[in-house]
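# model the structure of this input:
(2 chains)
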There are 2 protein chains.
Amino acid sequence: MSFRYEVRLSGEGGQGLVLAGKVLAEAAAIYDDKNATQSQSYGPEARGGASRSEVIISDEDIDYPKAVNIDLLLALTQESVNKYHSDLKDDGILLVDSDACSEIPEGKFKVYGVPIIQIAREKVGKVLVANIVALGVITEVAKVVTREAVEAAILARVPKGTEELNLSAFKAGVEAAQELGS
Amino acid sequence: MSFRYEVRLSGEGGQGLVLAGKVLAEAAAIYDDKNATQSQSYGPEARGGASRSEVIISDEDIDYPKAVNIDLLLALTQESVNKYHSDLKDDGILLVDSDACSEIPEGKFKVYGVPIIQIAREKVGKVLVANIVALGVITEVAKVVTREAVEAAILARVPKGTEELNLSAFKAGVEAAQELGS
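Sure, this is the predicted structure:
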């Protein structure tokens, strides 16, 4: 049976969501041997400062590279929760920054709240790596790429000299997700 | 009447085609007030070193963000000419690096050959900016974004300290395209 997993990363411009999407897509395709697309839309909403990046992972060719039935939605702002939660599929996952998003709409999706930005700022020491903390959480809850693949993709993608910072951000995200389960 | 323009940038990994796609999409959406999507696929072909980036520009929402009927195909390698020319629409444009691509297939598309990589190396002084030279050619032959918009998007996107280099690469591309017409 064929397999397709749709991820939308949403928040504000400057939060590194396009880079995070690229890392996730490369992890899946280059290191985990699946197919993946990564895309972003620019339009009126982008001009307003919102940002959105999509990744689709499949074991087959991806004919329709737009997310329409989302398995996992990351929302780093309340605005993106409000705007996109209705695109989640019934058993999908809504992963929110628990400080930035206080109003969680009802739906058939699962909700995970993690203080992603706070973890980046306080545990890792740089708010800029919130995108990579989020990737750690996503890797752990989505179980669609391996941790090793994402780590390899991070190392290949982040600026020289920031590898350790980014790997510790990733680890902090994985650990935060593990605490969700307990 | 609604308008949709599909661009595929193809070549090898490391040629900066994803960045070029992003600049083109941002030029169209942020500076020229259109809608745009930019996407890349990762799969067996990416693992082989090939690279492909797609941009779709429209005056409406873009529901189907995959290029299926290409208006302009940039090919920096013979392999990408061979692989993608059949996706061009009848009056589309095949823009090839004229040194790298010697075998041009027959078709109803127009063919423009420009020594893009050589211009980057010899006129601009850095082979790395071949992607921006290509953007200059594309801007001039496609006429779908303004020169000013692409220049603004280049300035917003390229690493600090390389602005002038990239603008001169863009200009060299525009000039090479103007010579095609004469």
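
# got the CA positions of the strand or helix carrying A:Glu26 in PDB?
Per DSSP states H and E, A:Glu26 falls inside helix A:17-26. The C-alpha trace of helix A:17-26 is given here as PDB (Å, rounded to 0.1, in the frame of the first residue of the first chain):
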ATOM      1  CA  LEU A  17      10.400  27.300   8.500                       C
ATOM      2  CA  VAL A  18      11.700  27.000   4.900                       C
ATOM      3  CA  LEU A  19      15.000  25.600   6.100                       C
ATOM      4  CA  ALA A  20      13.300  23.200   8.500                       C
ATOM      5  CA  GLY A  21      11.200  22.000   5.600                       C
ATOM      6  CA  LYS A  22      14.200  21.500   3.400                       C
ATOM      7  CA  VAL A  23      16.000  19.500   6.200                       C
ATOM      8  CA  LEU A  24      13.000  17.300   6.700                       C
ATOM      9  CA  ALA A  25      12.600  16.600   3.000                       C
ATOM     10  CA  GLU A  26      16.300  15.900   2.500                       C
END
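
# ok now that helix, how far from the chain's centre?
The chain centre lies 8 Å from the centre of helix A:17-26; the measure is C-alpha atoms, centre = their mean, to the nearest Å.

# so which residues of chain A form helices?
A:17-26, A:44-47, A:78-84, A:116-118, A:130-142, A:147-157, A:163-181 (DSSP state H).

# what does the shortest one contact?
In this case it means helix A:116-118. A:Leu76, A:Asp97, A:Ser98, A:Asp99, A:Ala100, A:Val127, A:Ala130, A:Val133, A:Ala134, A:Val137, A:Gly173, A:Ala176 (C-beta atoms under 8 Å, 6 or more residues apart in numbering or on different chains). Backbone N, C-alpha and C define where each C-beta goes, glycine included.

# try it again at 7 Å.
The contact list for helix A:116-118 (C-beta atoms under 7 Å, 6 or more residues apart in numbering or on different chains) reads A:Leu76, A:Asp97, A:Asp99, A:Ala100, A:Val127, A:Ala130, A:Val133, A:Ala134, A:Val137.

# ok, now which ones touch the third one?
So that's A:Asp99. Applying C-beta under 7 Å, 6+ apart to A:Asp99 gives the contacts A:Pro115, A:Ile117, A:Gln118.

# hmm, try it at 6 Å
Going by C-beta atoms under 6 Å, 6 or more residues apart in numbering or on different chains, A:Asp99 touches A:Pro115, A:Gln118.
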